[in-house]
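# predicted model, plus sequence, below.
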Amino acid sequence: MEIILADKAGFCFGVKRAINTAFEAVMAGKVYCLGPLIHNPQEVDRLRKAGVETVDDFSTLKDGDSLIIRSHGVPPSILEQAKKQGLKIIDLTCPFVGKAQRHAEALSDEGYQVVVVGEKKHPEVQSIIGYAGKNAVVIENEQDVDDVKFQHRIGIVAQTTQSYSNFSEIVLKLLRISKELKVYNTICNSTTERQHAAKVLAKQVDVMLVVGGRNSANTSRLATICRQEGKPTHHIEVAGEILPEWFQGARRIGVTAGASTPDWVLNDVLERLRKNDISR
Ligand code: SF4
């Protein structure tokens, strides 16, 4: 069996930066993180063991405690509240997410109704919406457009992990109903590179393995893209989930990983496949 790794797979710049900074910060003492630092349970567990504690709310933290804002960012109101409470903020909002936040804020200031193309419940989208003014809406797919009464002037930004196809379908539909449309393409290159590499690889192999957190939007999207190529695709978090029957009759196996998947998790999967150590 030939095992092929996608050209672009695994940790992106923003996640790498967040993880490295968190491990550095914890060397000086306990650190809290508002929500899991990344959408990968195995890496979050490693951080926890090092002293980075995930909290869902920071109201019980004390003056001077350190609080990490993860790469998804937070709405400005949360940042203000944390500062007022005297917390030491370690802001690891990815610069690309920061850019989407700033564009959303500027569009709102210019009088546009801001549309954020993305998943309504995703923390990154909620952070961007916090900057986007009171008339802002989140649109997940083309059908959602029919449910909203829009203003004449619409400004659009994207969740950084959106696919180009979904983004462009929505932009096109809004173009038809708006009088003025301003669009910022805030999709992150790391995302598109991984999506493109997964698509190319899926065409060449018999089975695809997508490695990463089930709660990771960008990893799940990679799995969707591979399935859209018509290939049997398995989304796993760790090597131990691999089942030998997935590869019956397969000659080539493609492997990719989301932007929040650590190298050690990906390498573990590759090693087991290469050693053909996939029986349980
Ligand atoms: S995928 Fe892009 S936007 Fe998201 S954390 Fe990574 S580099 Fe930043």
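Yes, it's here.
# hmm, Leu87 is touching Ile68, no?
No: look at Leu87 against Ile68 with C-beta atoms under 8 Å: they stay out of range, at 10.2 Å. For the C-beta atoms, the positions are set from N, CA and C on the backbone; glycine is no exception.
# so which of those two has more stuff around it?
Ile68 (26 against 19; other C-beta atoms under 10 Å).
# relative to Ile38, how far out is the residue of the chain found nearest the ligand?
The nearest approach of the chain to the ligand comes at Gly14, 2.6 Å away (C-beta to the nearest ligand atom). To Ile38, Gly14 is 9 Å away according to C-beta to C-beta, to the nearest Å.
# shared neighbours of these two, which are they?
Ser71 (C-beta atoms under 8 Å, 6 or more residues apart in numbering).
# which of those two has more residues huddled nearby?
Remark: of Gly14 and Ile38, Ile38 carries more neighbours, 30 against 24, as counted by other C-beta under 10 Å.
# using the three-state scheme, assign the more buried one.
coil (DSSP: H, G, I helix; E, B strand; the rest coil).
# which non-adjacent residue is nearest it?
Nearest residue to Ile38 in three dimensions, chain neighbours excluded: Ser260, at 4.3 Å (C-beta to C-beta, 6 or more residues apart in numbering).
# helix/strand/coil for that neighbour?
coil.
# spit out the contact partners of it.
So Ser260 contacts Phe11, Cys12, Val15, Ile38, His39, Asn40, Glu43, Gly212, Gly213, Ser216, Asn218, Thr219 (C-beta under 8 Å, 6+ apart).
# in which helix or strand does the last one reside?
When secondary structure is defined using DSSP states H and E, the element that contains Thr219 is helix 217-228.
# re earlier: any chance of the contacts of Ser260 in a markdown table, plus distance to Gly254?
Supplementary listing: the contacts of Ser260 in a markdown table, determined by distance: C-beta to C-beta, whole Å:
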| residue | distance to Gly254 |
| --- | --- |
| Phe11 | 19 |
| Cys12 | 19 |
| Val15 | 22 |
| Ile38 | 23 |
| His39 | 22 |
| Asn40 | 20 |
| Glu43 | 23 |
| Gly212 | 14 |
| Gly213 | 19 |
| Ser216 | 18 |
| Asn218 | 17 |
| Thr219 | 15 |
